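Asker: Need coordinates for the below:
(one chain, ligands or ions: 1)
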Amino acid sequence: MDKPKVVLGVSGGIAAYKACELLRRLTESGHDVRVVPTASALHFVGAATWSALSGHPVSTEVWDDVHEVPHVRIGQQADLVVVAPATADMLAKAAHGLADDLLTNTLLTARCPVVFAPAMHTEMWEHPATQENVATLRRRGAVVIEPAVGRLTGVDTGKGRLPEPAEIFEVCRSVLARGVTEPDLKGRHVVVSAGGTREPLDPVRFLGNRSSGKQGYALARTAAARGARVTLVAANTTGLPEPAGVDLVQVGTAVQLREAVLKAAAEADAVVMAAAVADFRPATYAAGKIKKQDGQEPEPVVLVRNPDILAEISADRARPGQVIVGFAAETDDVLANGRRKLQRKGCDLLVVNEVGERKTFGSEQNEAVVLGADGTETPVPYGPKEALADTVWDLVAERLG
Ligand code: CTP
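Answerer: Below is the predicted model:
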């Protein structure tokens, strides 16, 4: 089978060096990558690097190898075009259909999915001109990843950083796998909760659970690759890399998670509650560390109920037609318990999976059945968490119409 053909467009920003890592990941995972830098990109990383890493010749202009008509052929043959970093200038050119070098010509001739990973200073990103260009590109079907927040060139920090190459790679993989030029969640805002809450007993101890957050992160990552604006409410997921193009809100306890989810849900088309939320929390919190007393039995820990966020947002929808998805982790009688839970919670879809010591928690794979309030039952075979996430979004997109 032919390797999927990827065009990696690189425009002239300091983050061009990070595109080398993206290129390496793409080639090592079996993609045939043709790098098309702009002339300014070569000020940051030279043609020899791109050529050596990709195994293809590199040119910036349409005047090299004219007999091969590269300004048309490269775009026509591509299965995916990804521009990383995409500067404000590149976004403007792409939005307006300018074609004054090889990359802009390629963008006009490509009929495959196109991903832009912008990187620039915060002021340039927030400028109405850039925002309008991004909106135009998204309206036409391109996936424009939101820049990350963090250190920019020099001493500034803010929104405008290129997301980590590994995460841009994940977006590319997800977009390529679907192969559609019209992302079905474009213009949608989705909220995903992930991880497991921790309910503190004292400053050093908590009641927690084994949820790693990987399924929720896969949901956030795949939704962004399908064009959605994503708010990821993450409880205690330290160590997991931040998915590209996602607004991350970090929380600790169930009460904090509820507050963050309710706030984001007010504007959302869909909410997916993948987080493992503690049903109970300690009734009291000791401001100082609880000490053991010689010769004395420990005090029993008294628990109180936490709010059921899924039931609450399902009963009182923030917007008409909002689609709400819950997760059920069950150890026995999985389907029957799932059906009862779906009814009790009042959500539209419930992803039911079996858990245990070695199943699901922390693993890269998952197996589940998605139950619909309308009686549907969609089995998802054992496979990567991304595949389950895509099935969830298929079912959500159907319901959003
Ligand atoms: N959930 C929630 N708020 C809670 C507890 C759970 O929003 N206080 C959500 C979870 O995010 C998940 C779903 O509800 O989407 C299922 O949670 P689970 O704990 O499995 O269900 P319970 O109602 O607690 O049922 P049981 O304890 O009987 O298994």
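Asker: just the helices in the stretch 201-350 of the chain please.
Answerer: 214-225, 254-265, 309-315, 334-345 (DSSP state H, counting those that start in this stretch).
Asker: okay if I get these as CSV plus mean pLDDT and mean neighbour count?
Answerer: No exception for glycine: its C-beta is placed from N, CA and C like everyone else's. Below are the helices of the stretch 201-350 of the chain laid out as CSV (pLDDT from 0 to 100; neighbours: other CB atoms under 10 Å):
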stretch, mean pLDDT, mean neighbour count
helix 214-225, 97, 29
helix 254-265, 98, 21
helix 309-315, 98, 20
helix 334-345, 94, 16
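Asker: Now tabulate those helices in CSV and tack on distance to Asp89.
Answerer: Converted to CSV, the helices of the stretch 201-350 of the chain look like this (distance: least, CB to CB, whole Å):
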stretch, distance to Asp89
helix 214-225, 24
helix 254-265, 33
helix 309-315, 42
helix 334-345, 49
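Asker: Export the ones you listed as a markdown table, with columns for distance to the ligand.
Answerer: Formatted as a markdown table, those follow (distance: least, CB to the nearest ligand atom, whole Å):
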| stretch | distance to the ligand |
| --- | --- |
| helix 214-225 | 9 |
| helix 254-265 | 6 |
| helix 309-315 | 3 |
| helix 334-345 | 6 |
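Asker: and the protein, which residues reach the ligand?
Answerer: 254, 273, 275, 277, 279, 306, 308-310, 326-329, 341 (CB under 6 Å from any ligand atom).
Asker: ok, and what's touching stretch 388-398?
Answerer: Contacts with stretch 388-398, where a contact means CB atoms under 8 Å, 6 or more residues apart in numbering, come from 174, 178, 184-185, 190, 215, 218-219, 221-223, 226, 270, 272, 323, 325, 349, 351, 366-368, 370, 372, 376, 378, 380.
Asker: And the residue nearest to Val272 when sequence neighbours are not counted, what's its pLDDT?
Answerer: Leaving aside its sequence neighbours, Val272 sits nearest to Val325 (CB to CB, 6 or more residues apart in numbering; 4.3 Å). Note on Val325: pLDDT of 98.
Asker: can you pull the contacts of Val325?
Answerer: 270-273, 347-351, 392, 396.
Asker: And for Val301?
Answerer: With CB under 8 Å, 6+ apart, Val301 has these contacts: 201, 282.
Asker: repeat for Val82
Answerer: Contacts of Val82 (CB under 8 Å, 6+ apart): 6-9, 22, 114-117, 168, 172.
Asker: Give me the angle between the helix ranked longest in the chain and helix 214-225.
Answerer: Longest helix in the chain, counting residues (DSSP state H): helix 385-400. Relative orientation of helix 385-400 and helix 214-225, computed by axes from the mean of the first three to the mean of the last three CA atoms, to 10 degrees: 60 degrees.
Asker: So what's the gap between helix 385-400 and the chain middle?
Answerer: In terms of CA atoms, centre = their mean, to the nearest Å, the centre of helix 385-400 is set 13 Å apart from its chain centre.
Asker: List the buried residues in that helix.
Answerer: Using 16 or more other CB atoms under 10 Å as the test for burial, helix 385-400 gives 385-393, 395-397, 399-400.
Asker: Give the single residue among those positioned nearest to the ligand.
Answerer: Val392 (11.7 Å; CB to the nearest ligand atom).
Asker: what pLDDT does that closest one get?
Answerer: 98.
Asker: Could you report the separation of it from Val191?
Answerer: Val392 sits 13 Å away from Val191, going by CB to CB, to the nearest Å.
Asker: Around the closest residue to Arg173 other than its chain neighbours, count how many other residues there are.
Answerer: Leaving aside its sequence neighbours, Arg173 sits nearest to Ser29 (CB to CB, 6+ apart; 7.4 Å). Ser29 has 12 neighbouring residues, counting by other CB atoms under 10 Å.
Asker: again, but for Gly227
Answerer: By the criterion of other CB under 10 Å, Gly227 has 22 neighbours.
Asker: which residues touch it?
Answerer: Gly227 neighbours (CB under 8 Å, 6+ apart): 138, 143, 183-188.
Asker: for the residues you listed, which one is nearest Pro37?
Answerer: Distances from Pro37 to these, taken as CB to CB, are shortest for Val143 (20.7 Å).
Asker: Check which helix or strand the nearest residue to that closest one once chain neighbours are set aside maps to.
Answerer: Here the nearest residue to Val143 in space, its sequence neighbours aside, is Val115; by CB to CB, 6+ apart that works out to 4.7 Å. Using DSSP states H and E, Val115 falls within strand 114-118.
Asker: picking up where we left off before, hang on, the residue nearest to Val143 packs against Val175?
Answerer: Yes. Taking CB atoms under 8 Å as the definition, Val115 is a contact partner of Val175 at 5.7 Å.
Asker: quick one: common contacting residues for these two?
Answerer: With CB under 8 Å, 6+ apart as the test, Val115 and Val175 both reach 80, 143.
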